[in-house]
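Peer 1: Sharing a sequence plus its predicted fold:
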Amino acid sequence: MLRRVILIVTLALLGAGPMSAQRPPNVVIIFIDDMGYADIGPFGAINVATPNLDRMAKEGTRLTDFYVAQAVCSASRTALLTGTYPNRLGIHGALGPGSRIGLNPDELTLPEMLRTKGYATAIFGKWHIGDRPQFLPTHHGFDEFYGLPYSNDMWPNHPEAAPGTYPPLPLMEGDSVIGLMPDQSLLTAAYTARAVDFIERNAARPFLLYLPHTMVHVPLFVGERFKGSSASGLYGDVVQEVDWSVGEVLGAIARLGLDENTLVIFTSDNGPWLSYGDHAGATGGLREGKGTAWEGGVRVPFIARWPGKIAAGQTIAEPAMTIDLLPTIAKLSGATPPTRPIDGLDIWPLLAGDALAKSPHDALYFYYNTNELQAMRSGEWKLVFPHTYRTLGDQPRATGGIPVKYHSARAGLELYNLVRDRGETTDVAAQFPDVVKRLTGLAERARAEMGDALTGRIGTGTREPGRVTGN
């Protein structure tokens, strides 16, 4: 009888899922700034060597249809850390230095959620969801912060910055400015050293490491050892240093025997800033780039690795988004997700390689500017709503870090089949009016919840950002 009970308990533990009979998994999120869809080997990079990311993809899973909620810095990061569309939370665009808004302290973030399960939490890199003291990472669940409070182009020496536009770029630790950033070529290595040290110090407990690199955002800087290392100029050099950083993190995890209990995710906050030409990344044939709701702006590379839990070498084409990471990690860690409504859904069945798994979303929505619903994806279809967007047209490509200017263009009500036409070249709305009607109905649901400036809708489910009161 005792033997039978032991056998039943053992089988139950084996079938209990990713957390069974062990501590909750460590989570590492490597978030690159402005990296294009085709900037790394697993997604088609040319003349750039990314051996560590190549290995990570061979040992893990690629999601080929992975999206950010908005194709711009602050909004994208808000979605990642809250599991919620950023426009629902009142965060739009890129917050500048001294912004009077930031992430509301009433929103439960990923690190706050994981701290309830005993996780150590750290961010080394770019924050950019409010730089006032009450909005900084240590007030949103991170035990440690080292890096920049906003983008590295928000400094007075940027070639496009008017004199006095921005204050000197602050380097921060915790809530304090520890100096002004004199040489950005040291940043990638400094973040990496901090990340490895954090892993080593917390090897005996579960941890969340958030590594949002400043690069490959302009202005570009690269460490001395990587200068001239690629066959693709300075941009390629910077990508190769980021790949080296990934290798250092993976190496520390392996050296400490943590491989089989660590989920590592690599992705980007949006597509490439195309106006910078040879200082910007590649879309791999996707349309437009950063700052648009076209595929080149919102579709980003995504790799997940967890030996023994995520199948090696698999490729998944189901749509998913950064908002899905928080609820997925909640499931894996056993943490309780936010009680306030969020928009992300659990995508663990996709990552785990369930052959029958499909995207849990009937639609994903792409807002931009001040709450404009510009496009949506549902299954193989992408519906674009009438809106104005920026484009380079047929201009010569910019060189040397000095951007060319965008033109304005106008989209109509357009439908694309992304399975057959991921470059969004052929509008098939007239051929599939039933699809347009169905997707428009889904869009009305989003407008009712989150509003839509393009149609004059006020959402009933939006929440206020954090606001500075007084001076």
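Peer 2: Yes, it's here. Numbering: from 1, shown residues only.

Peer 1: What is the burial count for residue 196?
Peer 2: 20 (other Cβ atoms under 10 Å). Any C-beta I mention is one placed from the backbone N, CA and C, and that applies to glycine too.

Peer 1: Quick check: which ranges of the stretch 1-150 of the chain have low pLDDT?
Peer 2: 1-21 (pLDDT under 70).

Peer 1: Tell me where it has strands.
Peer 2: Taking DSSP state E, counting those that start in this stretch as the criterion, the stretch 1-150 of the chain contains strands spanning 26-32, 61-63, 66-67, 101-102, 120-126, 144-148.

Peer 1: same thing with the stretch 351-471 of the chain?
Peer 2: Using DSSP E, counting those that start in this stretch, the strands of the stretch 351-471 of the chain run over 364-368, 372-378, 381-384, 387-391, 407-411, 414-417, 466-467.

Peer 1: Serialize these to a markdown table and add fields for distance to residue 276.
Peer 2: Formatted as a markdown table, these follow (distance: least, Cβ to Cβ, whole Å):
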| stretch | distance to residue 276 |
| --- | --- |
| strand 364-368 | 19 |
| strand 372-378 | 22 |
| strand 381-384 | 25 |
| strand 387-391 | 13 |
| strand 407-411 | 16 |
| strand 414-417 | 26 |
| strand 466-467 | 31 |
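
Peer 1: winner for burial among those?
Peer 2: Highest mean neighbour count among the strands of the stretch 351-471 of the chain (mean count of other Cβ atoms under 10 Å): strand 364-368, with a mean of 26.

Peer 1: before we move on, the earlier item: for residue 208, find the nearest of the strands of the stretch 351-471 of the chain.
Peer 2: When those are compared by Cβ to Cβ, strand 466-467 sits nearest residue 208, at 21.5 Å.

Peer 1: could you give me the average pLDDT of the closest one?
Peer 2: The predicted model assigns strand 466-467 a mean pLDDT of 98.

Peer 1: quick one, helices of the stretch 351-471 of the chain?
Peer 2: With helices called from DSSP state H, counting those that start in this stretch, the stretch 351-471 of the chain shows them at 433-450.

Peer 1: swap that for the stretch 101-250 of the chain, please
Peer 2: 110-115, 187-201, 233-255.

Peer 1: Nearest to residue 306 among those helices would be which one?
Peer 2: Among these, the nearest to residue 306 by Cβ to Cβ is helix 233-255 (10.5 Å).

Peer 1: Moving along the chain from the closest one, name the first helix or strand you hit.
Peer 2: On the C-terminal side of helix 233-255, the closest following helix or strand by DSSP states H and E is strand 262-268.

Peer 1: what's the spacing between the nearest residue to residue 236 once chain neighbours are set aside and residue 237?
Peer 2: What sits nearest to residue 236 in space, not counting adjacent residues and going by Cβ to Cβ, 6 or more residues apart in numbering, is residue 230, at 3.1 Å. Distance of residue 230 to residue 237, given as Cβ to Cβ, to the nearest Å: 5 Å.

Peer 1: got it, and residue 228?
Peer 2: According to Cβ to Cβ, residue 228 and residue 237 sit 7 Å apart.

Peer 1: what about those two, which has more around it?
Peer 2: Taking other Cβ under 10 Å, residue 228 and residue 237 do not tie; residue 237 has more neighbours (22 against 11).

Peer 1: so what pLDDT did the residue nearest to residue 236 get?
Peer 2: 97.

Peer 1: Quick check: can you list the domain ranges of this structure?
Peer 2: 22-351, 364-467 (automatic domain parsing).

Peer 1: Would you reformat these as a markdown table and include distance to residue 357?
Peer 2: Below are the domains of the chain laid out as a markdown table (distance: least, Cβ to Cβ, whole Å):
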| stretch | distance to residue 357 |
| --- | --- |
| domain 22-351 | 4 |
| domain 364-467 | 14 |
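
Peer 1: show me the contacts for the residue most central in space within the chain.
Peer 2: For the chain, residue 269 is the residue whose C-alpha lies nearest the centre (Cα atoms, centre = their mean; 3.8 Å). Counting by Cβ atoms under 8 Å, 6 or more residues apart in numbering, residue 269 touches 31, 32, 33, 34, 35, 68, 73, 76, 77, 80, 212, 300.

Peer 1: Return the residues in contact with residue 409.
Peer 2: Neighbouring residues of residue 409 by Cβ under 8 Å, 6+ apart: 388, 389, 390, 391, 393.

Peer 1: and if you look at residue 25?
Peer 2: Counting by Cβ under 8 Å, 6+ apart, residue 25 makes contact with 18, 19, 206, 261, 262, 263, 306, 309, 332, 333.

Peer 1: Next: residue 377.
Peer 2: For residue 377, the contact set (Cβ under 8 Å, 6+ apart) comprises 67, 319, 363, 364, 366, 383, 418.

Peer 1: Hmm, the last one is touching residue 380, no?
Peer 2: Yes: at 5.8 Å, residue 418 counts as touching residue 380 under the criterion of Cβ atoms under 8 Å.

Peer 1: Report the inter-axis angle for the helix or strand where residue 332 lies versus strand 26-32.
Peer 2: When elements are assigned from DSSP H and E, residue 332 belongs to helix 325-333. Angle, helix 325-333 to strand 26-32, by axes from the mean of the first three to the mean of the last three Cα atoms, to 10 degrees: 160 degrees.

Peer 1: Please point out which parts of helix 325-333 sit buried.
Peer 2: Buried residues in helix 325-333, counted by 16 or more other Cβ atoms under 10 Å: 325, 326, 327, 328, 329, 330, 332, 333.

Peer 1: still on that earlier bit, what number of residues are in the vicinity of the residue nearest to residue 236?
Peer 2: Residue 230: 21 surrounding residues under other Cβ under 10 Å.

Peer 1: Got phi/psi on it?
Peer 2: phi -110, psi 170 (degrees, to the nearest 10).

Peer 1: Farthest pair within the contacts of residue 25?
Peer 2: Spatial extent of the contacts of residue 25 (Cβ to Cβ) is set by the pair 206 and 309 at 14.7 Å.

Peer 1: now the residue nearest to residue 235 when sequence neighbours are not counted: how far from residue 399?
Peer 2: Take residue 235 and drop its neighbours on the chain: the residue closest to it by Cβ to Cβ, 6+ apart is residue 279, 5.7 Å away. Separation of residue 279 from residue 399 (Cβ to Cβ): 8 Å.

Peer 1: With residue 133 instead?
Peer 2: To residue 399, residue 133 is 40 Å away according to Cβ to Cβ.
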